[in-house]
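# Task: produce atomic coordinates for the following.
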Amino acid sequence: MQAILNVAFPIFGVILAGYLAGRWRILGGEATGALNAFVSYFALPVLFFGTLARTPVQAVLDPALMAGFGLAVVATFVVGMISTRLAAHGRAGAGGGLAAMSLQGISSSWGNVGYMGVPLCLAAFGEAGLPPAMLTVIVTAVVSMVFGVMLIELEVAAGHGPVKTFLRAAFNVARNPLPMSIALGIVVSAIGLPIPTPAEKWLDLLGAAAGPCALFAIGLFLSDKSIKSGLAEAGLATLIKLLLQPLLAILVLPFFVDLNSVAGKVALLMAALPTAANAFVLAKQFDISVEQNTAAVLLSTGFSVITVSALLVWLRVS
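Prediction:
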């Protein structure tokens, strides 16, 4: 119960504040895009870079953690793809093709590791939780974005060839501010480049805005979305993301990391997060399964209040 009051309540409370600000029209219609841009291009990248640049490389690049967490993400991505056929069974145009299946895989496996996960790990484990949390961001981006987008492109951009499609998907990940800031932070740490005190203070000041702004942005995003259709696919994606992925993590991670360690607890917590808004963004970009992915984000975020809080209690986070 203490974990819910000390960690879960503040986190979901900020999300609720953003949701209410959107529903009550306290902030204008452009607020969601503006705040998302600030978080994506400034606050979170600065937080990632500043933390990693001052953290020894060996404390971040943990191959065992990458492998264990990666297996859970890949498995749920595959199960998510298969679940599209189950949800669409008996309906006209069942399955929707490789692109729709890939988007279902993304919504089933891509947790909100950046906007929700990093602030949550910071609140639950302090600074020690940031390096493993950022490692899960890398793994999630590679699995869900590179391979997920590549599979979508294979159908949408048929004829371009798998190599060109893969390179384009990889380039889209590489130019994303979050993976880029992680890579730069690791490089600076590896070469031991000192950070001047004024720059360090700037990193700390701007990075401190990442957590609350990211959580508030989630609430704003949810406030102008509604569930109209696609509940079958969304329901399956929610079950896979909130229940199956953390269950797989519990079973798989002990072969790679100690679940009682900070890294193990962070990985398990990251596996239990709801579907990232990126699922909706990609669906909108390709104009495929938009309703299903919107509903998956809404449903999983709503139910995660219960599941994530329960996990924090089970992990004895205080």
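# Just give the closest residue to residue 137, not the sequence neighbours.
residue 113 (5.0 Å; Cβ to Cβ, 6 or more residues apart in numbering). In this view, the C-beta of every residue, glycine as well, is placed from N, C-alpha and C.
# Was I right to think the one you found contacts residue 270?
Yes: if you go by Cβ atoms under 8 Å, residue 113 and residue 270 touch, sitting 5.3 Å apart.
# okay, and for the chain, where does confidence drop off?
For the chain, the stretches flagged by pLDDT under 70 are 1-3, 5, 28-29, 87-96, 156-163, 165-166, 168-170, 172-174, 229, 318.
# any common contacting residues for residue 113 and residue 270?
133, 136, 140 (Cβ atoms under 8 Å, 6 or more residues apart in numbering).
# count of neighbours near the first one?
Summarising burial for residue 133: neighbours were counted as other Cβ atoms under 10 Å, giving 27.
# now swap in the last one and tell me
Neighbours of residue 140 under the rule other Cβ under 10 Å: 25.
# residues making contact with the helix or strand containing it?
If you go by DSSP states H and E, residue 140 is part of helix 130-140. Defining contact as Cβ under 8 Å, 6+ apart, one finds that helix 130-140 is touched by 47-48, 51-52, 55, 59-62, 65-66, 69-70, 73, 109-111, 113-114, 117-118, 121-122, 178-179, 182, 262-263, 266-267, 270.
# same check, this time on stretch 51-70
127, 130-132, 134-136, 138-139, 142-143, 181-182, 184-186, 188-190, 193, 195, 200, 203, 207, 249, 252-253, 255-257, 263, 267, 270-271.
# Pull out the buried members of the residues you listed.
The neighbour count (16 or more other Cβ atoms under 10 Å) marks 130-132, 134-136, 138-139, 142-143, 181-182, 185-186, 188-189, 203, 207, 249, 252-253, 256-257, 263, 267, 270-271 as buried among these.
# picking up where we left off before, the residue nearest to residue 137: what's it in contact with?
133, 136-137, 140, 270, 273, 276.
# which SSE is residue 58 in?
Counting by DSSP H and E, residue 58 is found in helix 57-60.
# what about residue 272, how many neighbours?
Neighbour number of residue 272 under other Cβ under 10 Å is 25.
# just the one 4 residues further on next, same as before
Residue 276 is flanked by 29 other residues according to other Cβ under 10 Å.
# That one contacts residue 117, doesn't it?
No: Residue 276 sits out of contact with residue 117 when judged by Cβ under 8 Å, with a separation of 9.1 Å.
# For those two, list the residues in contact with both.
residue 111.
# which of the shared contacts of residue 113 and residue 270 lies closest to residue 84?
Closest approach to residue 84 among the shared contacts of residue 113 and residue 270 (Cβ to Cβ): residue 140, at 20.1 Å.
# how far away is that closest one from residue 191?
27 Å (Cβ to Cβ, to the nearest Å).
# Likewise for residue 226?
49 Å.
# what are the ranges of the helices in the stretch 151-300 of the chain?
162-174, 177-191, 197-207, 210-223, 231-239, 245-252, 262-271, 278-286, 290-314 (DSSP state H, counting those that start in this stretch).
# Show residues contacting the fourth one.
Read that as helix 210-223. By Cβ under 8 Å, 6+ apart, helix 210-223 touches 11, 14-23, 27, 31-32, 35-36, 38-39, 43-44, 46-47, 112, 114-116, 118-119, 122-123, 277, 297-298, 301.
# Restricted to strands, list those residues.
Members of the contacts of helix 210-223 lying in strands (criterion: DSSP state E): none.
# Residue 289: neighbouring residues, count only.
There are 29 residues near residue 289, going by other Cβ under 10 Å.
# can I assume it is in contact with residue 103?
Yes: counting by Cβ under 8 Å, residue 289 does reach residue 103; the two are 4.8 Å apart.
# Find the residues that touch each one of these two.
residue 283.
# contacting residues for residue 73?
Contacts of residue 73 by Cβ under 8 Å, 6+ apart are 109, 139-140, 143-144, 245, 271.
# Please report the distance of it from residue 55.
According to Cβ to Cβ, residue 73 stands 23 Å off from residue 55.
# and of the shared contacts of residue 113 and residue 270, the nearest to residue 154?
Of the shared contacts of residue 113 and residue 270, the one sitting nearest to residue 154 (Cβ to Cβ) turns out to be residue 140, at 20.6 Å.
# picking that back up, pick the one among the contacts of residue 73 closest to residue 284.
Relative to residue 284, the closest of the contacts of residue 73 is residue 144; by Cβ to Cβ it sits at 16.1 Å.
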